[in-house]
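Novice: Below are the sequence and a predicted model; questions follow.
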Amino acid sequence: MRSIILAQKFTYPAHLITFILMLIQIITIIVVLFLLTRIGSKLKRKEITLKEAFFWGALWFAVGIVVLYPQLADKAASYIGLQTATGIDLVVYIAVGLAFYLIFRLFIHIERIERNITKIIRHIALKDEHDK
Amino acid sequence: MKTIVIIPAHNEARKIYNVVQSVISRGYDVVVVDDGSSDATADEARRAGAVVLQHYINRGYGAALETGNAWVLQSDYDIIVHFDGDGQHNPDEIKNLVNPIVREKVDVVIGSRFIGNAQSMPILRHALIKLAIIFTWIFSGIKLSDAHNGFRAFSRRALEVIECRQDSMSYASEVIDQIAEHRLRIGEMPVTIEYTDYSKSKGEGNIKKILVGMRFIWGKVIK
C-alpha cells in the first residue's frame, strides 16, 4: 500500500499540469490587473503622458489576453502568414522588434542629450571669456 | 585680411606653449580651445599669448572646433584656420594654405599630405585613407586627395553657413559634407604632417578611423 502512494507522488498526472497552468494564468491576471492600476495611478499623478499610459496599458492587456487564450496567438500567427511558427513564436518576434525599436529611440535620445551638453559647455566657454 | 588660427587642445600642456608661440610669432592671432584638459594646457596657452576658451568637460575634437568657430564669428576676422595643437602641423604653411582664399579663388582650403611631396606611411594606413577618400566622395561628391586632414582654412562667409554638429573626430567628414551641401568652392594645398613619437603615442589607430567613419554615417542617419 505504502509503495503505491510513494510511486504516485513522483508521477505527473494530467490534472496536476492543468492545475499549474491555471495557477500561472490566475497569477498573471492578478499581476496584469495590478500593473494596469499602477499605470492608471501614474497617469492620474501626471507622471506619464496619456500616450505612454495607453502604450504600456495596451501592452500588458495584450499579455494578459495571450496568457488567457493562447490559441489566439496561434490564430494570429497563421493569419499573418506564418506557417510553421506558433503563437509563442509570434509573441517573441513582436517582442524583439519592439525591443529594437525602443533601443533605437534610446540612441536618438542619448544623442540629443549629448548635443545639449555640448551646447551648454560651449555657452559657458564663450561667456567666461567674454566676461573677463 | 585678418586671420585667426583656432587650435583645439586636450591635455597638451607639454607642447601647447611652443605651438602657440610658433603661430603668434608669424603674425597670426590664436584662440586655443581647451577641451576639458586635466593638465595646465589652458594656462600654458594663455602664457604663450593665445585667447583661451575652456570647455568644463571634454566634448571632443569637433565640439572644440565649433566653439572656436562660434567665438571667431562674434568678431571680425576674415580668414579662419584650423591647426592641430600637438605640433604635427607646420606654421610656415599657414601662409600657403590661406593664399587661395586671399586671392578669392575658393571658400575653403584643406591641406593634403598627398599632393606633390610623397609622405611615407604604413601601407595599411595608406589603404585606409584611400578607402576614406572613396567614402567621402560617395557621400559628398567631393574627391579629395586626403580625406581627413585637420589643417583647414575658411573664409568668413564659408564658416557662417557651415553648421557642424558632430562633436567627435567625425567632424572632419561632416565639414566636407557641409561644404558640398552649401556648394562652397573647395581647394587643396600640400602640407606636411610631422609624425613625432609624441603624436604617435597619442593614438590614432586604424580601427579608430573606421569607427569615426561609422559615427559620421550614424550622425547623418539620425539628423
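Specialist: Sure thing, it's come through.
Novice: Where is the longest helix in chain A?
Specialist: helix A:87-130 (DSSP state H).
Novice: What is it packed up against?
Specialist: With contacts taken as 3 or more C-beta pairs under 8 Å, 6 or more residues apart in numbering or on different chains; DSSP states H and E, helix A:87-130 sits against helix A:70-79, strand B:51-55, helix B:61-73. C-betas here are computed from N, CA, C, even on glycine.
Novice: Mean pLDDT lowest where, among these?
Specialist: Lowest mean pLDDT of the helices and strands packed on helix A:87-130: helix A:70-79, a mean of 82.
Novice: Just the CA atoms of that helix, as CSV, please.
Specialist: Extracted C-alpha coordinates of helix A:70-79, given in CSV (Å, rounded to 0.1, in the frame of the first residue of the first chain):
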residue,chain,number,x,y,z
PRO,A,70,-3.0,31.2,-26.1
GLN,A,71,-5.0,29.9,-29.1
LEU,A,72,-5.5,33.5,-30.1
ALA,A,73,-1.8,33.9,-30.6
ASP,A,74,-1.6,30.8,-32.8
LYS,A,75,-4.6,32.1,-34.9
ALA,A,76,-2.9,35.5,-35.3
ALA,A,77,0.4,33.8,-36.4
SER,A,78,-1.3,31.8,-39.1
TYR,A,79,-3.4,34.7,-40.1
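Novice: What is that helix packed up against?
Specialist: helix A:50-68, helix A:87-130.
Novice: Lowest average confidence across those, which one?
Specialist: helix A:50-68 (a mean of 87).
Novice: Are we agreed that residue B:32 is in a helix?
Specialist: No. With DSSP: H, G, I helix; E, B strand; the rest coil as the criterion, residue B:32 is strand rather than part of a helix.
Novice: OK, contacts around residue 115?
Specialist: Let's take chain A. Applying C-beta atoms under 8 Å, 6 or more residues apart in numbering or on different chains, we find residue A:115 in contact with B:165, B:167.
Novice: Let me rephrase: I mean chain B.
Specialist: Contact analysis of residue B:115 by C-beta under 8 Å, 6+ apart lists B:145, B:188, B:189, B:190.
Novice: now with 6 Å?
Specialist: With contact set as C-beta atoms under 6 Å, 6 or more residues apart in numbering or on different chains, residue B:115 has these partners: B:145, B:190.
Novice: how's chain A carved up into domains?
Specialist: Following automatic domain parsing, chain A resolves into domains at A:1-68, A:83-132.
Novice: Please dump the ones you listed into CSV; it should also carry distance to residue B:94 for every row.
Specialist: Below are the domains of chain A laid out as CSV (distance: least, C-beta to C-beta, whole Å):
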stretch, distance to residue B:94
domain A:1-68, 54
domain A:83-132, 23
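Novice: out of the ones you listed, nearest to residue B:173?
Specialist: domain A:83-132 (16.5 Å; C-beta to C-beta).
Novice: residue ranges of the helices in chain B, please?
Specialist: Counting by DSSP H, the helices of chain B are B:13-24, B:41-47, B:61-73, B:94-102, B:123-140, B:156-161, B:171-181, B:197-201, B:206-221.
Novice: how near is the closest residue in space to residue B:36 that isn't next to it in sequence to residue A:45?
Specialist: Nearest residue to residue B:36 in three dimensions, chain neighbours excluded: residue B:58, at 3.3 Å (C-beta to C-beta, 6 or more residues apart in numbering or on different chains). From residue B:58 over to residue A:45 the distance is 39 Å, taken as C-beta to C-beta, to the nearest Å.
Novice: ok, these two, which is more surrounded?
Specialist: Using other C-beta atoms under 10 Å in any protein chain shown as the criterion, residue B:58 and residue A:45 rank with residue B:58 on top: 17 against 8.
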